[in-house]
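In: A structural model of the following input is requested.
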Amino acid sequence: MTSPNAAANTNAGEKSLVYLDYAASAPLSEAALEAERAYEAAPFAGANPNSLHTLGRQAARALDGARRDLARCLGAGFRPSDVVFTSGGTESNNLALWGLAEGARQRDRKRTRVLVSAIEHDSALDALPTLRDRGFDVELLRPGRDGVVSPETVEAALDDTVALVSVMSANNETGVLQPVGAIARLAHAAGALVHTDAAQAFARVPLEVDDCDAVSIAAHKIGGPVGIAALAVRPRTPLRPQSFGGGQEQGRRAGTQDVRSAVAFAAAALDACAHLEERRERVSALANRLYGRLCAEGTGVLPTTTARVDEGRLPGVVSIMCPRVDSETLVLALDAAGFEVSAASACSSGSLDASHVLTAMGVPRDQALGSLRVSFDHRVSEVDLDRFAEALLGIVAERAR
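Out: Sure, this is the predicted structure:
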């Protein structure tokens, strides 16, 4: 399908754009839109949920309802009061890394090491220099060529000085699922706290977070609004706040809460979780079909890892490499053809660099420079994916000539 917002962005006579960048930000779901409309029609719309008057209390009840629904979707024993609302996945990851590490060290002064996977999102990796400035030793955990950070790798790095282990549930570039449950059990046996960034995995696949102390989730990855996320934190987990003000979120994160976005986030999550298995099956089949077509012999297109979508990868994330063409060229050529995808590498100051994820996996640089991420959910059509495949294969063949 085209982007749900395509009509607003396309004038008469212009080609429609097929949006295939859901892992960056998914279009708003109908459930989220309906929740936003219901909020706007409510008498407490715009009221501060921390106010003591009637409308403030009504807003607070709506906010608590959103917490309850998100906790139910997370499962794993999380309670509504464990859900801390934040401004986005970046803040959730920053709060987890800084707050948990400092909380663990405050409880046990010898806990001064932090283990983080080398394939984390930039919102986690870019927070590490601050941890070092605060006196922590940070060690990156390398994945194998399959993109998986093995429990054995984590176990080898653990000792009684580790404060925190943070490994994402599913990688945002390759879609590879991580053995978070096994890693968490090993970390706990060594007395360390455990955090996982589940922004990509939440409401797409069943989570392995029963043994995690904190879990990051984000609304806009599942059809909720941009600008709201959450960090679920177990009771009695030592978390030092990183922002200060009115004492909201039980003192764990200051700032007036966005009730409108919270209820829309919860609505998107409930809808996604209610249909998780059926959507996962359909989207996985589409992704495997697309992999099969793009990476057939002779196309010049390679998968970043050989794990099947329905076994070791997220549904709806197709991660490929075109060694003869750089990512920026591919993204722009596909955009001109009407397909919106993202590169799994970053362009900074006009200099294209290889993805840190693929580099950590040991992918040769000449291959990694041509990486692409194609991502979608149940709202995409098979026809649009076929058209995309034809366009990409045509671009690759033309560049090869």
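In: next one: residue 339 from residue 394, what distance?
Out: Taking CB to CB, to the nearest Å as the measure, residue 339 falls 11 Å from residue 394. The C-beta positions use only the backbone N, C-alpha and C, and glycine is treated the same way.
In: same check, this time on residue 210
Out: To residue 394, residue 210 is 47 Å away according to CB to CB.
In: kindly report the same for residue 258.
Out: 44 Å.
In: neighbour count: these two, which is higher?
Out: residue 258 (17 against 12; other CB atoms under 10 Å).
In: residues contacting residue 93?
Out: 120-121, 123-124, 127, 197, 216 (CB atoms under 8 Å, 6 or more residues apart in numbering).
In: helix, strand or coil for it?
Out: Three-state call for residue 93 (DSSP: H, G, I helix; E, B strand; the rest coil): helix.
In: and it, what pLDDT?
Out: Predicted confidence (pLDDT) for residue 93: 98.
In: what do you get for residue 58?
Out: So, for residue 58, pLDDT stands at 98.
In: check the one 4 residues further on too.
Out: Looking at residue 62, its pLDDT reads 98.
In: now it: how far from residue 246?
Out: Counting by CB to CB - residue 62 and residue 246 are separated by 19 Å.
In: so between those two, which is more surrounded?
Out: Neighbour count, other CB under 10 Å: between residue 62 and residue 246, residue 62 has more, with 22 against 11.
In: host element of the more buried one?
Out: helix 54-74 (DSSP states H and E).
In: and the helices in the stretch 301-401 of the chain?
Out: 309-312, 327-336, 356-361, 365-368, 382-400 (DSSP state H, counting those that start in this stretch).
In: of all these, which one is nearest residue 300?
Out: Across the helices of the stretch 301-401 of the chain, the minimum distance to residue 300, taken as CB to CB, is reached by helix 382-400, at 5.2 Å.
In: can you tell me what sits against that closest one?
Out: 1-2, 18, 20, 286, 289-290, 293-294, 299-301, 322, 324-325, 329-330, 333-334, 337-339, 341, 372, 374, 376.
In: could you check the angle that helix makes with helix 327-336?
Out: Orientation check (axes from the mean of the first three to the mean of the last three CA atoms, to 10 degrees): helix 382-400 against helix 327-336 gives 130 degrees.
In: quick check: buried residues in helix 382-400?
Out: Buried residues in helix 382-400, defined by neighbour count with 16 or more other CB atoms under 10 Å: 384-385, 388-389, 391-393, 395-396, 399.
In: then it to CSV, C-alphas only?
Out: What follows is helix 382-400, C-alpha atoms only, in CSV (Å, rounded to 0.1, in the frame of the first residue of the first chain):
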residue,chain,number,x,y,z
GLU,A,382,2.0,-7.6,-2.0
VAL,A,383,1.6,-5.6,-5.2
ASP,A,384,3.6,-2.7,-3.9
LEU,A,385,6.4,-5.0,-2.7
ASP,A,386,6.5,-6.6,-6.1
ARG,A,387,6.8,-3.2,-7.7
PHE,A,388,9.5,-2.2,-5.3
ALA,A,389,11.5,-5.4,-6.1
GLU,A,390,11.3,-4.6,-9.8
ALA,A,391,12.5,-1.1,-9.2
LEU,A,392,15.4,-2.1,-7.0
LEU,A,393,16.6,-4.9,-9.2
GLY,A,394,16.4,-2.6,-12.2
ILE,A,395,18.5,0.0,-10.5
VAL,A,396,21.1,-2.5,-9.4
ALA,A,397,21.3,-4.0,-12.9
GLU,A,398,21.7,-0.6,-14.5
ARG,A,399,24.4,0.4,-12.1
ALA,A,400,26.2,-2.9,-12.7
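In: ok, back up a step: worst mean pLDDT among the helices of the stretch 301-401 of the chain?
Out: helix 309-312 (a mean of 77).
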